[in-house]
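1. Quick one, what's the 3D model for this:
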Amino acid sequence: MSAPRGPNRPRPLAQAPDGPVHQYSLRVYFEDTDAGGMAYHANYLRWAERARTESLRAIGLPHQMMIELHNSILVVRRIEVEYWRPARLDDAILVETRVIAVKGVTLTLDQRVLRQDGTRIEEAPLAALRVELACLDRQALRPRRIPEPWRSALGAARGDTPGGVPGERV
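-> Take a look at the predicted model:
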């Protein structure tokens, strides 16, 4: 039986969305694997976290700046992961991060874990993650609107253009 569809049901993760992408490279080390030489499933979450942090840094939004200037933090609200093929010991891995939506207090990202073979990146992902982050006041730990200049920078990373259609997406 297939999963229900509706306004609260996200689309399947099988196909990457269009839009600008940040790429983060890493290698699968012995410590990342199980007894069979395959990457342990929880490591995909760690790799995705590193890639998200570096994607924010790449657009000029390091976490420390958000804490110091806006007294705000981004926390994971929800993660959905689909695993298709295993990463193995010594594989070169690429994690692609795309901003899908920026709303009042939340940010939604699509992340793909891909195997690299030299300069070629395999088309079929090993895993895909849909991550929803929430912006919180650091002291009160209460939701707060994503502050500027974060909103604009995230909108630009999503591919929005200045003067675009206003709405909840940015």
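2. and stretch 35-50, average pLDDT?
-> Across stretch 35-50, pLDDT averages out at 95.
3. Identify the residues contacting Leu74.
-> His63, Met66, Leu107, Leu133, Ala134, Cys135, Leu136 (Cβ atoms under 8 Å, 6 or more residues apart in numbering). C-beta here means a position set from N, CA and C on the backbone, and glycine is covered the same way.
4. Residues contacting the helix or strand bottoming out on mean pLDDT in the chain, please?
-> Ranked by mean pLDDT, DSSP states H and E, the helix or strand of the chain with the weakest confidence is strand 120-121, at a mean of 84. Strand 120-121 is touched from outside by Leu94, Leu114, Arg115, with contacts defined as Cβ under 8 Å, 6+ apart.
5. Now do the same for the closest residue to Pro143 other than its chain neighbours: its pLDDT.
-> In space, and not counting its chain neighbours, Pro143 is closest to Val105: 4.5 Å by Cβ to Cβ, 6 or more residues apart in numbering. On the pLDDT scale, Val105 is placed at 96.
6. and Val105, how many neighbours?
-> Using other Cβ atoms under 10 Å, Val105 has 17 other residues around it.
7. before we move on, what about the one 4 residues further on?
-> Residues within reach of Leu109, counting by other Cβ under 10 Å, total 23.
8. Kind regards, and thank you for your time.
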